[in-house]
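>>> Got a sequence here, can you model it:
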Amino acid sequence: MPEPTLFLLLSVVAFAVAFDFVNGFHDAANSIATIVATRVLSPFRAVLWAATFNFAAVFVFDTGVAKMVGNGMVAQEFVTLTVILAGLMGATGWGITTWWFKLPTSSSHALLGAYAGAAITNYALQHGWEHSLSVILWSGWGKTLLFIFLAPTLGLLLGGVVMKTVMLLTAKIPHEKSDKSFAALQLLSSAFLSLTHGGNDAQKTAGIITGALLTYGAVDHFVIPTWVLVLSYGTMAFGTLCGGWRIVDTLGQQLTRLRPPGGFCAEVSAASSILLATLLKLPVSTTHVTTGAILGTGAARNVGAVRWNIAGNILIAWVITIPAAAMLGGAILALLRPHFATP
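Residues are numbered from 1 along each chain as shown. Just a heads-up that it's a prediction; the model follows:
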């Protein structure tokens, strides 16, 4: 078969940028829903604040998550530029679909699912389905799948514990005074959340682009070029700046009502959980963690204040994201393969 073309590589980079933008746009709610819901910042100032710290993360975190996504989820000998392109197209399509339905699903899990589905389908079309799962690196997937459950659970538990602690410490303080103090603190906690969000999520796109460069032969080993990092972080920050208002409404208003103390607790809990995953070099779902933290904070204040039916709809969307994105990535690969070379 013909060698991969520069056009195909540029198509991969273009769709990686598109996915990164949709990721930032879709996940803007993660960073700003609480601070907008508590009316500490206006929507525009909130996305500007979040975008700034999304990008600032490029100067703070190493590239462990990027290496895991680009080199630790699918065996590189089975990765082609067409596989990467199909994975990005599938993940972007799923992100836009769930944004339309106001569902705070994981762009990260959509990317991983679509990427794996495209690789599995590519192998199956060449060698049959019997051993198609051999393309999956289960060591990387095992830890990632484990954190699908652990990350939001940790966010939920931390949110509950931190909220209960704050309630005890501020029990004798008038609400107006408490809200004013925590409104100022929310600027810091929101910045912390945006920083960790960028530090985990932007690296996923950087890992995918670097995998494409390695497949094409533009680099001879898996190392993240500086321009790829700047492009990934910058695009995500721009997507965040444009803001995904539909999901902000779901997270910030419909799940539970938040005052500044609750917003602060949710942001600190979510950011701490995401930071732990990033230090462990794991691509965690920042959406899942933030949603869990908001639920934990709301339940600690009043279990009845949480709209559990909406939480149930979100949970269903979480469960189906990886398999749905995998099928979408596989279907797109099957459509693309006859038209593009597969090295």
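
>>> Number of residues surrounding residue 180?
11 (other C-beta atoms under 10 Å). In short, each C-beta sits where N, CA and C put it, glycine included.

>>> and it, that's in a helix?
Yes - Residue 180: assigned to a helix according to DSSP: H, G, I helix; E, B strand; the rest coil.

>>> Quick check: it vs residue 259, distance?
For residue 180, the distance to residue 259 equals 11 Å [C-beta to C-beta, to the nearest Å].

>>> Quick one: mean pLDDT for the helix or strand encompassing residue 47?
For residue 47, the element it lies in under DSSP states H and E is helix 43-56. In this model, helix 43-56 has a mean pLDDT of 84.

>>> and what of stretch 91-103?
Mean pLDDT, stretch 91-103: 81.

>>> and that stretch, how far from the chain's centre?
13 Å (C-alpha atoms, centre = their mean, to the nearest Å).

>>> Buried residues, it. List them.
91, 92, 93, 94, 95, 98, 99, 102, 103 (16 or more other C-beta atoms under 10 Å).

>>> Now do the strands in the stretch 101-250 of the chain.
With strands called from DSSP state E, counting those that start in this stretch, the stretch 101-250 of the chain shows none.

>>> So what's the residue count around the spatially closest residue to residue 218 that is not a sequence neighbour?
Of all residues not flanking residue 218 in the chain, residue 9 sits nearest, at 7.3 Å (C-beta to C-beta, 6 or more residues apart in numbering). Neighbourhood size, residue 9 [other C-beta under 10 Å]: 20.

>>> what's near enough to touch residue 9?
81, 212, 213, 216, 218 (C-beta atoms under 8 Å, 6 or more residues apart in numbering).

>>> mind redoing it with 10 Å?
81, 84, 85, 209, 212, 213, 215, 216, 217, 218 (C-beta atoms under 10 Å, 6 or more residues apart in numbering).

>>> any idea of the mean pLDDT in the helix or strand in which it is found?
In the assignment (DSSP H and E), residue 9 maps to helix 6-37. Mean pLDDT, taken over the full extent of helix 6-37, equals 80.

>>> the helices in the chain, which residues?
For the chain, the helices defined by DSSP state H cover 6-37, 43-56, 64-71, 81-100, 107-127, 138-169, 175-216, 226-242, 245-249, 260-279, 286-301, 308-336.

>>> out of the ones you listed, deepest packed?
helix 286-301 (a mean of 28; mean count of other C-beta atoms under 10 Å).

>>> from the middle of its chain, how far away would that helix be?
16 Å.

>>> Now do it and helix 81-100, the angle between them.
30 degrees (axes from the mean of the first three to the mean of the last three C-alpha atoms, to 10 degrees).

>>> shaky segments in the stretch 51-200 of the chain?
Residue ranges of the stretch 51-200 of the chain with pLDDT under 70: 103-104.

>>> Would you mind measuring from the residue nearest to residue 218 to residue 203?
Separation of residue 9 from residue 203 (C-beta to C-beta): 20 Å.

>>> Next: residue 333.
When C-beta to C-beta is applied, the distance between residue 333 and residue 203 equals 24 Å.

>>> can you check residue 109 too?
15 Å.

>>> Grab the most central residue of the chain for me.
residue 108 (4.1 Å; C-alpha atoms, centre = their mean).

>>> Tell me which residues touch it, please.
23, 27, 65, 69, 91, 144, 148, 200-201, 203-204, 283-288, 321.

>>> Repeat the analysis, applying 6 Å as the threshold.
204, 283, 285 (C-beta atoms under 6 Å, 6 or more residues apart in numbering).

>>> Do I have it right that residue 122 meets residue 83?
Yes - the pair residue 122 and residue 83 passes the contact test of C-beta atoms under 6 Å, sitting 5.1 Å apart.

>>> What about residue 106? Give its phi and psi, please.
Dihedral pair for residue 106: phi -90, psi 120, per degrees, to the nearest 10.

>>> err, residue 219, not the other one
Torsion angles, degrees, to the nearest 10, at residue 219: phi -130, psi 150.

>>> What confidence value was assigned to residue 270?
90.

>>> From what I see, it and residue 291 are in contact.
No - shown here, residue 270 and residue 291 do not form a contact pair, counting by C-beta under 6 Å, at 8.6 Å.

>>> quick one: the closest residue in space to residue 15 that isn't next to it in sequence from residue 157, how far?
Excluding the flanking residues, the one nearest residue 15 by C-beta to C-beta, 6+ apart is residue 88, at 4.1 Å. According to C-beta to C-beta, residue 88 stands 34 Å off from residue 157.

>>> Ok, residue 115 next?
30 Å.

>>> Check residue 83 too.
According to C-beta to C-beta, residue 83 stands 38 Å off from residue 157.

>>> Can you give the distance of stretch 190-197 from its chain's centre?
Worked out by C-alpha atoms, centre = their mean, stretch 190-197 lies 13 Å from the chain centre.

>>> Go ahead and name everything in contact with it.
So stretch 190-197 is contacted by 30-31, 35, 50, 53-54, 57, 267, 270-271, 274-275, 286 (C-beta under 6 Å, 6+ apart).
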